[in-house]
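Colleague: One predicted model, sequence on top.
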Amino acid sequence: MATIERTRPAGTDISDPMFWARRPEYRERGFALLRDMDRPQFYRELKLPFIKSGPGYYALVRHADVVEASRNPEVFSSEPCSNTIADLPGYMARYFGSMINMDDPRHAKIRRIVSRAFTPRVLAKLESDLQASATRIVDEVLANGPGDFVTDVA
């Protein structure tokens, strides 16, 4: 693995916390360099206190690679913790996790349920309700005069 890591262009170590502290242009250049490489790059996991480290991960930075991984959950699993490098113990992952950490078919089942709340019709109704509430709150503040913002508005 050391050979792979040495051949990676400078400025592409996405495991380095300093990479994420850099300006967006720097990070964008790093990702562009990674997308130009012939295969996904392997990164060792950071050693963190109190968290068991695994061997590392491959950074999928090209759309085609992400699509391929999404179609093969038996090879590229999101479980138990796709949104963190360190794998939490199973009981913690289930508690702190979300549908982002699920593979199909569980992910698809939950997505179907959740997506019903984001249809254009539901969102239009929500927008209408929010507009009505905002109008009512402002009208009450104007009618009542000065008051406590937290109580009267927030």
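Modeller: Good, I have the coordinates.
Colleague: Return the distance of Val66 relative to Pro40.
Modeller: For Val66, the distance to Pro40 equals 10 Å [CB to CB, to the nearest Å]. For every residue, glycine as well, the C-beta is placed using N, CA and C.
Colleague: Need the residues touching each of these two.
Modeller: Leu60 (CB atoms under 8 Å, 6 or more residues apart in numbering).
Colleague: Between these two, which has more neighbouring residues?
Modeller: Looking at Val66 and Pro40 with other CB atoms under 10 Å, you find the greater number of neighbours at Pro40, namely 17 against 13.
Colleague: can you tell me which helix or strand the residue nearest to Trp20 when sequence neighbours are not counted belongs to?
Modeller: Closest residue in space to Trp20, ignoring its immediate chain neighbours: Arg27 at 7.2 Å, by CB to CB, 6 or more residues apart in numbering. Per DSSP states H and E: Arg27 is located in helix 24-35.
Colleague: which helices and strands sit right next to the helix or strand following that helix?
Modeller: Next along the chain after helix 24-35, taking DSSP H and E as the criterion, comes strand 41-43. Counting contacts by 3 or more CB pairs under 8 Å, 6 or more residues apart in numbering; DSSP states H and E, strand 41-43 packs against helix 2-7, strand 57-59.
Colleague: Lowest average pLDDT across the ones you listed?
Modeller: When the helices and strands packed on strand 41-43 are compared by mean pLDDT, helix 2-7 comes last with a mean of 50.
Colleague: circling back: buried residues, the helix holding Arg27. List them.
Modeller: Within helix 24-35, the residues that count as buried by 16 or more other CB atoms under 10 Å are Arg27, Gly30, Leu33, Leu34.
Colleague: residue ranges with poor pLDDT in this structure?
Modeller: 1-7, 78-90, 93-97 (pLDDT under 70).
Colleague: mind listing the helices for this protein?
Modeller: 2-7, 17-21, 24-35, 63-70, 90-96, 106-115, 120-144, 149-152 (DSSP state H).
Colleague: quick one: Asp103 from Val67, how far?
Modeller: For Asp103, the distance to Val67 - CB to CB - is 15 Å.
Colleague: of these two, who's got more company?
Modeller: Neighbour comparison, Asp103 and Val67: the larger count goes to Asp103, with 16 against 11 (by other CB under 10 Å).
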